[in-house]
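Visitor: what's the 3D shape of this:
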Amino acid sequence: MACRSKRPGTCQCNKDPVNSILFQMLNSGSAAKTNLHQHICNPNKGCPCDGNRKVLLKNPDVICKKASDVLLKTVTFLRNLPSFYQLLQDDQILLVRKCWAPLFVLGLAQERVDFEWEELSMPSLLKKILLNQSSNAGDITLTSNAGVPFKEVQRLQMFLHKLWSLDICTKEYAYLKGMVLFNPGIRGMRFPQYVQTLQLEAQQTLMEFTSMMQNMSQVRFTWMLEALDSLKAIDSSVITELFFRPISGEIDLEDLLLETLFLTRV
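Guide: Numbers count the residues shown, from 1 in each chain. Presented below is the predicted three-dimensional model:
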């Protein structure tokens, strides 16, 4: 027999929240949460909760310092590249704005910067209401904006481990960076044909280098090209939020890089 309320529409605020099922679910231990999660999520189809998960660096002080060092080395790479400075300044600016993030990720791989993450854990708005805790618009904004999507971090770590498994040397990283930097497909380029020539030159040099140094040259070269394809899916805003927001706040990394590059030429 279905349970009925004595008076339809009666306010439930006077009921003891501690005895409610929803209250107990929100305040249950980790084991209860795990059982509930396993009950809802089908392991064969992947967890639908992953799309909403957000994570942060576990040791931001250490990792952000390493990331800053990698960014400085990225600037040094560009500054010491004569073919880059032979381009018109307008094309240089476009290349930096569009390519700094993948260059930085290649730098993370080259310096073997590994990192751990932890899941963002913040009280939900519903839980605050049920527990009679104060909540304001600032809390809601913080909850929705903080952290980085788990899937993006997972994609980044998979890329790094893929390159590490190939045991790429310093020269190979330099050629890969050249292939990434000289991207003729960027809209607005003044001389895309020349940029394409530089990209093909870097690719040809990498292929010749692997043929001299490795027995499985063609296979290894193909693996590296496949890795670069996956690099295109990494979002620059994720890189900024994960590695630089904790220490730099709302600073515009693209503008900072451009300012640094052109100041160092004077």
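Visitor: For the rest of this, base every contact and every neighbour count on C-alpha atoms.
Guide: OK.
Visitor: quick one: pLDDT of residue 219?
Guide: In this prediction, residue 219 carries a pLDDT score of 84.
Visitor: just residue 261 next, same as before
Guide: The score at residue 261 is 84. That number is its pLDDT.
Visitor: Helices of the stretch 151-266 of the chain, start to end?
Guide: 170-181, 192-213, 217-231, 236-239, 245-248, 253-264 (DSSP state H, counting those that start in this stretch).
Visitor: Let me see the mean pLDDT of the fourth one.
Guide: To tie it back to what came earlier, the one meant is helix 236-239. The model assigns helix 236-239 a mean pLDDT of 92.
Visitor: quick one: contacts of it?
Guide: Applying C-alpha atoms under 8 Å, 6 or more residues apart in numbering, the contact partners of helix 236-239 are 101-102, 148, 152.
Visitor: Reformat these as CSV; add neighbour count, pLDDT and distance to residue 59.
Guide: Shown next, in CSV, are the contacts of helix 236-239 (neighbours: other C-alpha atoms under 10 Å; pLDDT from 0 to 100; distance: C-alpha to C-alpha, whole Å):
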residue, neighbour count, pLDDT, distance to residue 59
101, 24, 95, 21
102, 21, 96, 23
148, 22, 90, 15
152, 18, 94, 18
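Visitor: And the furthest pair within those?
Guide: Within the contacts of helix 236-239, 102 and 148 form the most distant pair, 17.4 Å apart (C-alpha to C-alpha).
Visitor: Tell me which of the contacts of helix 236-239 fall in helices.
Guide: Members of these lying in helices (criterion: DSSP state H): 101-102, 152.
Visitor: any idea which helix or strand comes after the worst-scoring helix or strand of the chain on mean pLDDT?
Guide: Ranked by mean pLDDT, DSSP states H and E, the helix or strand of the chain with the weakest confidence is helix 30-40, at a mean of 41. Next along the chain after helix 30-40, taking DSSP states H and E as the criterion, comes strand 54-57.
Visitor: just the CA coordinates of that next one, formatted as PDB?
Guide: Coordinates of the C-alpha atoms in strand 54-57 are reproduced here as PDB (Å, rounded to 0.1, in the frame of the first residue of the first chain):
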ATOM      1  CA  LYS A  54      36.600  18.000 -12.300                       C
ATOM      2  CA  VAL A  55      40.100  17.700 -10.900                       C
ATOM      3  CA  LEU A  56      43.000  19.800  -9.600                       C
ATOM      4  CA  LEU A  57      46.700  19.300  -9.300                       C
END
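Visitor: For that strand, which strands pair with it and how are they oriented?
Guide: strand 117-119 (antiparallel), strand 148-149 (antiparallel) (DSSP bridges).
Visitor: So residue 59 is in contact with residue 116, correct?
Guide: Yes: look at residue 59 against residue 116 with C-alpha atoms under 8 Å: they come within range, at 7.3 Å.
Visitor: List the contacts of the nearest residue to residue 91 once chain neighbours are set aside.
Guide: In space, and not counting its chain neighbours, residue 91 is closest to residue 189: 5.6 Å by C-alpha to C-alpha, 6 or more residues apart in numbering. Neighbouring residues of residue 189 by C-alpha under 8 Å, 6+ apart: 90-91, 94.
Visitor: picking that back up, please identify which of the contacts of helix 236-239 is nearest to residue 226.
Guide: For these, the nearest to residue 226 is residue 102 (14.1 Å; C-alpha to C-alpha).
Visitor: what about the stretch 51-200 of the chain, any weak spots by pLDDT?
Guide: 51, 121-145 (pLDDT under 70).
Visitor: Mind doing that once more with 50?
Guide: 125, 135, 137-144 (pLDDT under 50).
Visitor: just to revisit the earlier point, rebuild the strands paired with strand 54-57 as a markdown table, extending it with distance to residue 173.
Guide: As requested, these are exported to a markdown table (distance: least, C-alpha to C-alpha, whole Å):
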| stretch | distance to residue 173 |
| --- | --- |
| strand 117-119 | 26 |
| strand 148-149 | 27 |
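Visitor: Looking at those, which one is packed in the most?
Guide: strand 148-149 (a mean of 20; mean count of other C-alpha atoms under 10 Å).
Visitor: residues in contact with that one?
Guide: Outside strand 148-149, the residues touching it (C-alpha under 8 Å, 6+ apart) are 51-56, 238, 241-242.
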